[in-house]
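K.L.:
make a model of this:
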Amino acid sequence: MKPHELSAKEKFISWVIYFLLQVFARTWRYHYVGKENLVMAASTVKSGAYAFALWHENILATLAVMRGTRMAPLASLSRDGAIVTSVMERMHFRTIRGSSSKGGPAARDELVAVTADGYLPTLTVDGPRGPRRVLKSGIVDIGRRTGVAVVPLAAVADRSWVLHKSWDQFQVPKPFATIHVVYGEPVTVPAGASGLAFGQMRAAVQAALDSTQAAAETLATKCR
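P.N.:
Model prediction:
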């Protein structure tokens, strides 16, 4: 399947999203927890790369948090994925197209390849269509094939609009919100993990991300 090509209207929508994100992000404050886990993860392989795992609902805040980094996010081949890609490319991220359902193997190979150059594969591990907060196996396979550590990431605002009709309960931080960014303990997937062992590593990443998300939500709730 070929990536969706943006129409003139969709290009305008992507510009609006990019503009609003830049405006909002200038008002947000950021509280970081667990930066030492990034140092630990970077020491795992020679290139200093590691992979981020996050839930789909946290995309917007994460884009702001990751400005200026060597993030290599995965975006789907769909219309929505094309719009998000347009926004992310304006932010100078190395976006890779594909998803768990379409274009997955080729995209995963590219995500594996870019780790050699120190890029950070970043996956919304319950995307692109859910179920919400149920981890798919792609991030575990990338860790197994590259040796990079998987870092759970949660970015939760103390005040946000929630799109309740969306499958992921998408979060839009409000202006002047504080975004609590928690980096969980890195998970390293053994190169030979398969079968039951692979399933156990998938469960380990799921548990680590659940814990990281809970920690960020607790911090955000205390600040309300």
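K.L.:
how about the helices in this structure?
P.N.:
8-27, 35-42, 59-65, 79-90, 104-114, 138-146, 196-222 (DSSP state H).
K.L.:
and for the first one, what's in contact with it?
P.N.:
So that's helix 8-27. Applying C-beta atoms under 8 Å, 6 or more residues apart in numbering, the contact partners of helix 8-27 are 6, 60, 63-64, 67, 79, 82-83, 86-87, 90-91, 173, 175-177. Every C-beta, even on glycine, is put in place using the N, C-alpha and C of the backbone.
K.L.:
circling back: can I get the helices of the chain in TSV with mean neighbour count and mean pLDDT?
P.N.:
Formatted as TSV, these follow (neighbours: other C-beta atoms under 10 Å; pLDDT from 0 to 100):
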stretch	mean neighbour count	mean pLDDT
helix 8-27	14	94
helix 35-42	16	98
helix 59-65	22	95
helix 79-90	19	89
helix 104-114	17	90
helix 138-146	23	96
helix 196-222	17	97
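K.L.:
okay, those in TSV with distance to residue 123 next?
P.N.:
Shown next, in TSV, are the helices of the chain (distance: least, C-beta to C-beta, whole Å):
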stretch	distance to residue 123
helix 8-27	20
helix 35-42	15
helix 59-65	11
helix 79-90	13
helix 104-114	8
helix 138-146	5
helix 196-222	11
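K.L.:
okay, and the beta partners of residue 160?
P.N.:
residue 173 (DSSP bridges).
K.L.:
start the count at 38 instead of 1 going forward.
P.N.:
Happy to do that; since the first residue is 38 now, the last one works out to residue 197.
K.L.:
show me what contacts residue 135?
P.N.:
If you count contacts by C-beta under 8 Å, 6+ apart, residue 135 has them with 111, 113-114, 141, 143-145, 147.
K.L.:
run through the neighbouring helices and strands of the longest strand seen in the chain.
P.N.:
Looking across the chain with DSSP state E, the single longest strand is strand 187-194. For strand 187-194, the elements it packs on are helix 72-79, strand 88-91, helix 96-102, helix 175-183, strand 207-210, strand 215-220, helix 233-259, judged by 3 or more C-beta pairs under 8 Å, 6 or more residues apart in numbering; DSSP states H and E.
K.L.:
which of the ones you listed sits closest to residue 159?
P.N.:
strand 88-91 (4.2 Å; C-beta to C-beta).
K.L.:
just how off-centre is that closest one within its chain?
P.N.:
In terms of C-alpha atoms, centre = their mean, to the nearest Å, the centre of strand 88-91 is set 5 Å apart from its chain centre.
K.L.:
who's in contact with it?
P.N.:
Counting by C-beta under 8 Å, 6+ apart, 99, 108, 148, 152, 157-162, 172, 176, 179-180, 183, 185-192, 242, 246 sit against strand 88-91.
K.L.:
try it again with 6 Å
P.N.:
Under the contact criterion C-beta atoms under 6 Å, 6 or more residues apart in numbering, strand 88-91 has outside partners 99, 158-159, 161-162, 176, 179, 185, 187-190, 246.
K.L.:
how about JSON lines for the helices and strands packed on strand 187-194, with distance to residue 59 added?
P.N.:
Listed next are the helices and strands packed on strand 187-194 as JSON lines, based on distance: least, C-beta to C-beta, whole Å:
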{"stretch": "helix 72-79", "distance to residue 59": "24"}
{"stretch": "strand 88-91", "distance to residue 59": "21"}
{"stretch": "helix 96-102", "distance to residue 59": "9"}
{"stretch": "helix 175-183", "distance to residue 59": "28"}
{"stretch": "strand 207-210", "distance to residue 59": "13"}
{"stretch": "strand 215-220", "distance to residue 59": "15"}
{"stretch": "helix 233-259", "distance to residue 59": "22"}
